[in-house]
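Participant: fold the following, please.
(chains A and B)
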There are 2 protein chains.
Amino acid sequence: MMASAAYVGDFTVDDILSRKDADGVTVADALEIIGYRGDSAVGAQKFSSFIELHIEQGPILEAEGKTIGVVDSGQGLLWYDGRITGFESHAGSTPMRLRRDALATLSEIVLAMETIAKKHGPNAVGTIGEAVIAKPSRNVIPGEIAFTVDCRSADAAIMDALDADLRAATAEISARRKVEVALDLIWRKAPTRFDPKLVDAVEAAAKKLGFSHRRITSGAGHDACNLNTRIPAAMVFVPCKDGVSHNELEDATQADCTAGANVLMHTVLALAGVAS
Amino acid sequence: MMASAAYVGDFTVDDILSRKDADGVTVADALEIIGYRGDSAVGAQKFSSFIELHIEQGPILEAEGKTIGVVDSGQGLLWYDGRITGFESHAGSTPMRLRRDALATLSEIVLAMETIAKKHGPNAVGTIGEAVIAKPSRNVIPGEIAFTVDCRSADAAIMDALDADLRAATAEISARRKVEVALDLIWRKAPTRFDPKLVDAVEAAAKKLGFSHRRITSGAGHDACNLNTRIPAAMVFVPCKDGVSHNELEDATQADCTAGANVLMHTVLALAGVAS
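Facilitator: Below is the predicted model of the structure:
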C-alpha cells in the first residue's frame, strides 16, 4: 500500500522511497533493480475511479456460502511503535521482587490489548505482531524490547476508545512495574466509506451475473482504501479457504476468482457506459 | 561454565567443542583462533580442591554492609527450550475469537512463570530471557515463537515444584488457547552444597583478616558448582554495586576486590598448610 499512500499524499514520495526492508534495501533501490522506477511524477496520472478485486482475507463469505463480497467499507487503523525499558540483570541472582523485566511488562501489554479489543468487539481487533528483545540471553532478565501494535475498527468512535484504553493500560502497567514504556502512534488511518455509486455498480454486476453476494466490510487495508480519500473507489471480494491470509496456506478456488474477475470487468464496463 | 561442565563430564568434550555462538563460530574454532586449544585430555589435570572468587551478582552483601560472602551453597537450575505453534493470520481480518496467537500464549506463560516463582519464593526465581517470533510482521498475528526458560532454587524440592507448576500452567494455557506448546528440559543441575571443610577455611580466613562476613547462597551458577560434584570446592564473594550483574553497569570497589583476593590467598595457604 506504500505506492497508493504516496499517490494520495499520506506519506511523501521521498519517505516511501527511503523505507528499507529487513536486509537494508530501500524501495528506491528495489525499483531501480527491477527497472520499475519511472520518471513521471507521482500523482500525475489521473483516474476517474478505482475498483479493486481481492480475496476476503476473512471467514465470512465462505461461512455464508456467498461468492461475491460487495465491499462498502474498510476498517480504520492505528499503528504504534513501542519501546519498553526495564533493567537487564542476572536471572539467577536477582530476586523476583527487585526485577524490572521488560518481557513480563510486554506480556501484560499483549494480554491487555487482547482484553481491550474483545471488550470493544466484535467490530475491533488489536495485535502485537513484532517484539524484539534487545540483547536476548537465556540467563538474563530482558531489559529492553521494541514492539509494534496494530488496532483496527470500522467505527471511528471505537478507534478512539481502543487508543484511550491501550494508553491507560500501558501507563498503569508501566507505573506498577517501574518500567518505562514509550508508545508512539505512527499512523492513524480513518475508516473507509467506499463511494456509494461504485458500490451499487459492483452489486448490480454481481446480480446481473447471477452470483450470490452480500455487503461486507474489509478487515484488511487495501490500495482502494488509500485511493478512496481522493477518487471514488470500491472493491470486490471473493471467498478464501478458512479465512486464512498472510500465511502460505492462503487459497481461493479458480471458480471464485473467475467470478470476481467477471464482476470487476462488468462493473468497469457499466461505469464506462459500454454495453456488456 | 562450559569447560568445567566438560571437566566433570556433565557434557562431552565434543558436544562443548561443537557449540556455536550467534555468528556460527564453534568453541573449537574460537580456541584455535586464540591459540588456546591444547593437546592434553580434558580431565587429565587433577586438583585437590577449587576455590573461586567472584562478585556476588546480587544485592545482599551491599545491603548488609558485609565485605565477604562465605558461599556455602548454590542454586540448582532448570533450563528449558520452548516452542509455541499457533497460527499466522491477518491482523486486520481475523476476529479475536478465531485467533491462535503465539505471542499472547507466550505472554500467559511469562506471567505464569513469574507467579509460580513468587509463590515458591523467596528461595526461587524463574525467567524467560529469550523469545523470538519466527516471521514477525506488524500486521500478522504471530504464529510461531521459540523461547527459553531458566528456573532456580537452592532447594531440590522447590525445583521439583517449579517444574511441576510450570508444566501444569503451560498445559492449561496451551489447551485453552488451542495452541501447541513444547517445553523441553535441556539441563537440570542439582543445588550445590559446597565442601564444609573448605567453607570453614574461607570463613576462618575472612575472620583472621578482620573482614565483616556472612554465609551466603550463590544465585548464579559458577565453575565451582560444576567442579564441586567431583572435587571439594567453595567460593568467596565480594559485594557489587546495586546487586547488578550481566549488565554493563556491573561494578565493584577496588577495596572489596582486594579483600576478596586476600581471603582467597589466605584460604589456599591455610589449606596447603603454609604459614600466612
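Participant: contacts only, for the closest residue to chain B within the stretch 101-250 of chain A.
Facilitator: Closest contact between the stretch 101-250 of chain A and chain B, by C-beta to the nearest C-beta, is at A:Gly219 (2.9 Å). Glycine gets a C-beta too; all of them are placed from N, C-alpha and C. A:Gly219 makes contact with A:57-58, A:75, A:125, A:152, B:90, B:92-94 under the criterion C-beta atoms under 8 Å, 6 or more residues apart in numbering or on different chains.
Participant: repeat that for 7 Å
Facilitator: Counting by C-beta atoms under 7 Å, 6 or more residues apart in numbering or on different chains, A:Gly219 makes contact with A:57-58, A:75, B:90, B:92-93.
Participant: tell me the pLDDT of the nearest residue to it once chain neighbours are set aside.
Facilitator: Closest residue to A:Gly219 apart from its sequence neighbours, by C-beta to C-beta, 6 or more residues apart in numbering or on different chains: B:Ser93 at 2.9 Å. pLDDT for B:Ser93: 88.
Participant: and for the one 3 residues further on?
Facilitator: Taken from the predicted model, the pLDDT recorded for B:Met96 is 94.
Participant: that one touches A:His120, doesn't it?
Facilitator: No: in terms of C-beta atoms under 7 Å, B:Met96 does not count as a neighbour of A:His120; the distance is 9.7 Å.
Participant: neighbours of A:Val27, just the number please.
Facilitator: Number of residues near A:Val27 (other C-beta atoms under 10 Å in any protein chain shown) recorded here: 19.
Participant: quick one: contacts for it?
Facilitator: Per C-beta under 7 Å, 6+ apart, neighbours of A:Val27: A:2, A:16-17, A:19.
Participant: recalculate using a threshold of 8 Å.
Facilitator: So A:Val27 contacts A:2, A:16-19 (C-beta under 8 Å, 6+ apart).
Participant: what do you get for A:His213?
Facilitator: A:66-70, A:203, A:206-207.
Participant: measure it to A:Arg193 for me?
Facilitator: 19 Å (C-beta to C-beta, to the nearest Å).
Participant: what helix or strand is the closest residue to A:Pro95 other than its chain neighbours on?
Facilitator: Take A:Pro95 and drop its neighbours on the chain: the residue closest to it by C-beta to C-beta, 6+ apart is B:Pro122, 6.3 Å away. Here B:Pro122, judged by DSSP states H and E, is contained in no helix and no strand.
Participant: show the model's pLDDT score for B:Pro122.
Facilitator: pLDDT, B:Pro122: 90.
Participant: now A:Ser276
Facilitator: pLDDT, A:Ser276: 53.
Participant: swap in A:Gly58?
Facilitator: 88.
Participant: figure out how far stretch A:16-28 is from the centre of its chain.
Facilitator: Taking C-alpha atoms, centre = their mean, to the nearest Å, one finds the center of stretch A:16-28 at 19 Å from the center of the full chain.
Participant: beta partners for A:Cys181?
Facilitator: Cys isn't right for residue A:181; it's Val. With DSSP bridges as the criterion, A:Val181 is bridged to A:Ile84.
Participant: just to check, it is in contact with A:Glu172?
Facilitator: No: A:Val181 is beyond contact range of A:Glu172, at 10.2 Å (criterion: C-beta atoms under 8 Å).
Participant: out of these two, which sits in the busier spot?
Facilitator: A:Val181 (23 against 12).
Participant: output the contacts of A:His213 in CSV; the columns should cover secondary structure and neighbour count.
Facilitator: Listed next are these as CSV, based on DSSP: H, G, I helix; E, B strand; the rest coil; neighbours: other C-beta atoms under 10 Å in any protein chain shown:
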residue, secondary structure, neighbour count
A:Lys66, coil, 20
A:Thr67, coil, 21
A:Ile68, strand, 26
A:Gly69, strand, 28
A:Val70, strand, 25
A:Glu203, helix, 20
A:Ala206, helix, 25
A:Lys207, helix, 14
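Participant: farthest pair within these?
Facilitator: A:Gly69 and A:Lys207 (13.7 Å; C-beta to C-beta).
Participant: which residue ranges of chain A form helices?
Facilitator: Using DSSP state H, the helices of chain A run over A:2-8, A:13-18, A:27-33, A:60-64, A:102-119, A:156-177, A:196-208, A:223-227, A:254-271.
Participant: can you list the strands that the worst-scoring helix or strand of chain A on mean pLDDT pairs with?
Facilitator: Ranking every helix and strand in chain A by mean pLDDT, DSSP states H and E puts strand A:89-90 at the bottom, with a mean of 90. The pairing partners recorded for strand A:89-90 under DSSP bridges are strand A:140-141 (antiparallel).
Participant: contacts for the partner strand, please.
Facilitator: Against strand A:140-141 from outside (C-beta under 8 Å, 6+ apart): A:86-91, A:94, A:99-103, B:127, B:129, B:246.
Participant: could you rerun that using 6 Å?
Facilitator: A:88-89, A:91, A:99, A:101, B:127, B:129, B:246 (C-beta atoms under 6 Å, 6 or more residues apart in numbering or on different chains).
Participant: average pLDDT for it?
Facilitator: Strand A:140-141 comes out at a mean pLDDT of 95.
Participant: ok, now stretch A:217-225?
Facilitator: On average, stretch A:217-225 scores 93.
Participant: please apply the same query to stretch A:110-118.
Facilitator: On average, stretch A:110-118 scores 98.
Participant: any idea how far A:Asn226 is from the closest residue to A:Asp15 other than its chain neighbours?
Facilitator: Leaving aside its chain neighbours, A:Asp15 sits nearest to A:Ala6 (7.9 Å; criterion: C-beta to C-beta, 6+ apart). Distance, A:Ala6 to A:Asn226, by C-beta to C-beta: 9 Å.
Participant: who's more crowded, the two?
Facilitator: Between A:Ala6 and A:Asn226, A:Asn226 has the larger neighbour count (other C-beta under 10 Å), namely 25 against 20.
Participant: the more buried one reaches A:Val8, doesn't it?
Facilitator: Yes: look at A:Asn226 against A:Val8 with C-beta atoms under 6 Å: they come within range, at 5.3 Å.
Participant: can you name the residue of the stretch 51-200 of chain A nearest chain B?
Facilitator: Closest point on the stretch 51-200 of chain A to chain B, by C-beta to the nearest C-beta, is A:Ser93, at 2.9 Å.
Participant: near chain B, which residues of chain A show up?
Facilitator: A:57-58, A:75, A:88-93, A:96, A:103-104, A:107, A:110-111, A:114, A:117-118, A:121, A:127-130, A:136-141, A:148, A:150, A:152, A:219-220, A:244-247 (C-beta under 6 Å from any C-beta of the partner chain).
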